[in-house]
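**Q** Just a sequence and a predicted model for now, questions to come.
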Amino acid sequence: MLRKKLIALNMIVVLGLGGFFAIPAVQAETSKTGVEEQREGIQGDIKGADEEISNLREKQAALNEQLERSELAIKDNTQKIDDTKKQIADTKSEVEEFNREIPIIEDRISKRSEVLKERALSFQESGGDVSYLEVLLGSSSFRNFVDRVGAVATIVEADREILEQHEADKEELKTKKAAVEKKLADLNESRVELEGMMAQIKEQENQAKTMKEDLNQEEQLAVASKANLQNKYSSLATYETVATDSKGKGNKSIVVRAGNKYIGNSVYVFGGGRTASDIANGRFDCSGFVAWAYSQAGIKLPAHTDALKNSGSQISYSQIQPGDLVFFDTYKQDGHVGIYVGGGKFIGSQSSTGVAIVNMTSGYWAGKFNGRVVRI
C-alpha cells in the first residue's frame, strides 16, 4: 500500500512537471500574475507531497523499530538454540555413562545370584535340616562353642550383606534404567523443541529480510520523490525570475523552458539531437541539446562545444543569468555544456541521466565546472 502511494506521488510530481514544462512558446509572454497563479497551484501540490513524505518517514521509522525488534528476537532465539544444543550434548554424555554402568551392575547381580544359588544348593544337599542351632549345640567344648558362635555370626552377616547388596544393586539397576529412559525422553523432547526453534528463527529471518527489502525500496522511492520535489522548487524559482525579469528577453525564457519536457524522458546519445527523429525520441548529446533548445527561440547555434564557447560573449560567473551557457571540463577542456537555469543549477543532456537539471555548486559538477560562462 505504501509503495503504491509513493508511486502515485512520483507520478503526481512528474505529471505536474510535465504539465508545466509543456507550456507552449506563446505563453512565454504571460503576465507576472499568470506565473504567480501557476506557482501557487503547484505550491499546493508541493505541500501535499511534503505531507506524504512526512508520513512516509514516520512509517520508515516504525519499520526500523520493527526491524530492530526482529533482529533482537533472532539474536535471542539463536542463543536459546545454542543453549539447547549444549544441553543435548551434556545429556548424551550422561546417557553414555549410564549405559557403561548398567553392564557392571548387571554383572555384579549375576555373580551374587550364582553365590546365593550355590548356598541354596548346599543347604538342599544337606537335607535342609541342618540349622545354626545344631551347629552350636554340637560344640565339644566352651572354646569350641565360642568359635562356632563367631563362625555362625560371620556366615549370617555375610549372607545378610550379600542379600542386601543384591537387592540394592537390583534397585540401582531399576533406578538407572528409569533415569536413562527419562534422559532419552528429555533428549527427544529437546530435539523437537530445537527443531521448532529452528523453524521459528528461519521464519523470523525471512521476515527481517523482507522488511529490509521493503524499507530499502521505500527509501529509494522517498529519495526520488524528494529529488523531484527539489527540481520542481528550483524550476518554479527559475520561472518566477524569468517571468519577472524577462521583459524584452522572451527568447531566453523559451530557451530555459524548452528542454524541461524531456526530463525523465530522454537518453544521451553521442551526436544526437541533430535530426528530427532524434529530437522526437529525446536523443541528445550536450551540444546538440543546447543547439536545439536555442532553436526553439529562433536562435541558431552550432552543435559543438568548441564552437559554442566562442558563440557570444564570455562573462564572469558573478554576472550569470538564466539562459547563459556554462562549460565543464570532463573528458577534455570544455567537454560538456549546459544552460544555466538559476539557483546554481543547469539543464543539459548528461551521459548518466539524459536531459536533467543538476546542481553545479556541489558534488560532481561543481568539481568539473571550469568557470566559463557564455552569454548568447
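**A** Nice, thanks for sending it over. Numbering: from 1, shown residues only.
**Q** burial count for the residue lying closest to Glu193 once chain neighbours are set aside?
**A** Take Glu193 and drop its neighbours on the chain: the residue closest to it by C-beta to C-beta, 6 or more residues apart in numbering is Thr84, 6.5 Å away. C-beta: built from backbone N, CA, C; applies to glycine. Using other C-beta atoms under 10 Å, Thr84 is surrounded by 16 other residues.
**Q** Can you tell me the SS state at Ile299?
**A** Taken by DSSP: H, G, I helix; E, B strand; the rest coil, the conformation at Ile299 corresponds to coil.
**Q** That one reaches Val255, doesn't it?
**A** Yes - between Ile299 and Val255 a contact is recorded at 7.4 Å, counting by C-beta atoms under 8 Å.
**Q** Compare the two (neighbour count), which wins?
**A** Using other C-beta under 10 Å, the more surrounded residue of Ile299 and Val255 is Val255, with 28 against 16.
**Q** Now do Thr275 against Leu184, distance only.
**A** Thr275 sits 84 Å away from Leu184, going by C-beta to C-beta, to the nearest Å.
**Q** Check Glu164 too.
**A** 30 Å.
**Q** Looking at the two, which is more packed in?
**A** Using other C-beta under 10 Å, the more surrounded residue of Glu164 and Leu184 is Leu184, with 14 against 10.
**Q** excluding its backbone neighbours, what's nearest that one?
**A** Leaving aside its sequence neighbours, Leu184 is closest to Val95 (6.4 Å, by C-beta to C-beta, 6+ apart).
**Q** and the closest residue to Gln350 other than its chain neighbours, helix, strand or coil?
**A** Closest residue to Gln350 apart from its sequence neighbours, by C-beta to C-beta, 6+ apart: Ala356 at 5.9 Å. The three-state label for Ala356, taken from three-state DSSP, comes out as strand.
**Q** burial count for Ala356?
**A** Applying other C-beta under 10 Å, I find that Ala356 has 22 neighbouring residues.
**Q** My read is that it contacts Phe346, right?
**A** No - assessed by C-beta under 8 Å, Ala356 is found out of contact with Phe346, at 9.7 Å.
**Q** just to revisit the earlier point, and the residue nearest to Glu193, what element?
**A** Using DSSP states H and E, Thr84 falls within helix 32-125.
**Q** ditto for Phe327
**A** Element membership for Phe327, per DSSP H and E: strand 325-328.
**Q** which residues of the stretch 251-376 of the chain fall in strands?
**A** Per DSSP state E, counting those that start in this stretch, the stretch 251-376 of the chain carries strands over the ranges 267-268, 283-284, 313-315, 325-328, 336-342, 345-350, 354-359, 369-375.
**Q** Any idea which of the ones you listed gets closest to Ala49?
**A** strand 354-359 (17.3 Å; C-beta to C-beta).
**Q** if we can go back for a sec, overlap of the contact sets of Ile299 and Val255?
**A** Counting by C-beta atoms under 8 Å, 6 or more residues apart in numbering, Ile299 and Val255 have no common neighbour.
**Q** partners of the nearest residue to Phe346 once chain neighbours are set aside in the sheet?
**A** Sequence neighbours aside, Gly338 is the residue nearest to Phe346 in space, at 3.8 Å (criterion: C-beta to C-beta, 6+ apart). On the basis of DSSP bridges, Gly338 is bridged to Val326.
**Q** what sits against the residue nearest to Leu184?
**A** 180, 183-184, 187.
**Q** can you do 7 Å?
**A** 180, 183-184 (C-beta atoms under 7 Å, 6 or more residues apart in numbering).
**Q** quick one: the spatially closest residue to Gly344 that is not a sequence neighbour from Asp306, how far?
**A** Excluding the flanking residues, the one nearest Gly344 by C-beta to C-beta, 6+ apart is Thr361, at 3.9 Å. The gap separating Thr361 from Asp306 is 25 Å, by C-beta to C-beta.
**Q** Looking at the two, which is more packed in?
**A** Taking other C-beta under 10 Å, Thr361 and Asp306 do not tie; Asp306 has more neighbours (13 against 10).
**Q** List the contacts of the more buried one.
**A** Counting by C-beta under 7 Å, 6+ apart, Asp306 touches Asp334.
**Q** And the one 3 residues further on, by the same measure?
**A** With contact taken as C-beta under 7 Å, 6+ apart, Lys309 is in contact with 327, 334, 372, 374.
**Q** Repeat the analysis, applying 8 Å as the threshold.
**A** Counting by C-beta under 8 Å, 6+ apart, Lys309 has contacts 325, 327, 334, 337, 372, 374.
**Q** Leu202 and Ile81, how far apart?
**A** If you look again at residue 202, you'll see it is Lys, not Leu. Taking C-beta to C-beta, one finds Lys202 at 11 Å from Ile81.
**Q** Look at these two and report which has more neighbours.
**A** Ile81 (16 against 12).
**Q** measure the more buried one to Asp324 for me?
**A** 67 Å.
**Q** Settle this for me: Ile376 is touching Asn310, isn't it.
**A** No - applying C-beta under 8 Å, one finds Ile376 not in contact with Asn310, separated by 11.3 Å.
**Q** more neighbours, these two?
**A** Higher neighbour count among Ile376 and Asn310: Ile376, with 18 against 9, using other C-beta under 10 Å.
**Q** and that one, what is it in contact with?
**A** Neighbouring residues of Ile376 by C-beta under 8 Å, 6+ apart: 294, 299, 301, 311-312, 323-325.
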